[in-house]
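**Q** Predicted model and sequence follow; I will ask about them next.
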Amino acid sequence: MIEYIPIDVDSSLLPLWKEDFIQTRKAIVESLGYKFIRAIIKPSGEPLPWKTQPQEQKPKHYHVWIWIETPKSLSDMEKLRLQFLLGDDYGRCWINYLRITRRKNALWNKIFGYILWRKPLEEPCKSCHLRKYLEEMAECPTSQE
């Protein structure tokens, strides 16, 4: 049986070590007794299809789909366990756990491609020197690119 495990990776570092990332996911999958088939990695936050102008942002988050072969169909909890072990966003794993255990929701494994709304920064955060410094550093090109 072929299954896929969606992973939400909230790090702009993934492209630096993409092949290593894939090889470690393969090692995890195979150490658990499954056969690794392939991994697909795409940046999240692509422009919304109905927007005329693309959103200007550098990819900071990635969606990864890990395709595996299993001897039998996996239960929701087994899929969630694999997501967690393969490095899915921990907050997302917790929410999915609650969806599975409390609501028995068939749509528990949502992965969103767009940020539709973000909570505005509170005043102390807007003026935080560390946040501003880190944002400036992230905008500077590096010699390793």
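**A** Okay, I see it.
**Q** all contacts plus neighbour counts: C-alpha atoms, from now on.
**A** Noted.
**Q** per-residue confidence at residue 102?
**A** The per-residue pLDDT reported for residue 102 equals 83.
**Q** which stretches of this protein form strands?
**A** Applying DSSP state E to the chain gives strands spanning 2-9, 35-43, 62-69.
**Q** Could you check the angle the longest one makes with strand 62-69?
**A** Going back to what we said before, that points to strand 35-43. Calculated by axes from the mean of the first three to the mean of the last three C-alpha atoms, to 10 degrees, strand 35-43 forms an angle of 160 degrees with strand 62-69.
**Q** Can you tell me the strand partners of strand 35-43 and which way each runs?
**A** strand 62-69 (antiparallel) (DSSP bridges).
**Q** contact partners of the strand it pairs with?
**A** Applying C-alpha atoms under 8 Å, 6 or more residues apart in numbering, the contact partners of strand 62-69 are 1-12, 14, 29, 34-44, 111.
**Q** Tabulate the strands of the chain in CSV, adding columns for mean neighbour count.
**A** Below are the strands of the chain laid out as CSV (neighbours: other C-alpha atoms under 10 Å):
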stretch, mean neighbour count
strand 2-9, 19
strand 35-43, 16
strand 62-69, 20
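**Q** Can you tell me which of the ones you listed is nearest to residue 85?
**A** Residue 85 lies closest to strand 2-9 among those, at 10.1 Å (C-alpha to C-alpha).
**Q** Run through who's touching that closest one.
**A** Applying C-alpha under 8 Å, 6+ apart, the set of residues contacting strand 2-9 from outside is 61-70, 73-74, 79, 82-83, 86-89, 111.
**Q** still on that earlier bit, quick one: closest of the strands of the chain to residue 103.
**A** strand 2-9 (20.3 Å).
**Q** ok, that closest one: who's next to it in the sheet?
**A** As assigned by DSSP bridges, strand 2-9 forms pairs with strand 62-69 (antiparallel).
**Q** Thanks again, I'm all set now.
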